[in-house]
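**Student:** Here's a sequence, model it:
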Amino acid sequence: MYRGLFYCKRCGRDMNADVVGALNIARKCGVKIPSNVKLQNNPDEG
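**Tutor:** Alright, predicted model coming up:
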């Protein structure tokens, strides 16, 4: 596990922790996040 990486035990996915935090804040503010949104790595990071 790398620092800054969030691993979901429920679904087995890992995501950048900052992205997960931003999504959680948006949801708490009432923003509807479509379930079909695809998040991908920055191409510069490999």
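
**Student:** Pop out the phi and psi values for the most centrally placed residue in the chain.
**Tutor:** Central residue of the chain (Cα atoms, centre = their mean): V20, 3.6 Å from the mean position. Backbone geometry at V20, expressed as degrees, to the nearest 10, gives phi -60, psi -40.

**Student:** Now do the contacts for it.
**Tutor:** F6 (Cβ atoms under 8 Å, 6 or more residues apart in numbering). Just so you know, the C-beta spots here come from the backbone N, C-alpha and C atoms, and that holds for glycine as well.

**Student:** Can you check the pLDDT for it?
**Tutor:** Looking at V20, its pLDDT stands at 89.

**Student:** Tell me which helix or strand in the chain has the weakest average pLDDT.
**Tutor:** strand 14-16 (a mean of 88; mean pLDDT, DSSP states H and E).

**Student:** Distance from it to the middle of the chain?
**Tutor:** The chain centroid and the centroid of strand 14-16 are separated by 5 Å under Cα atoms, centre = their mean, to the nearest Å.
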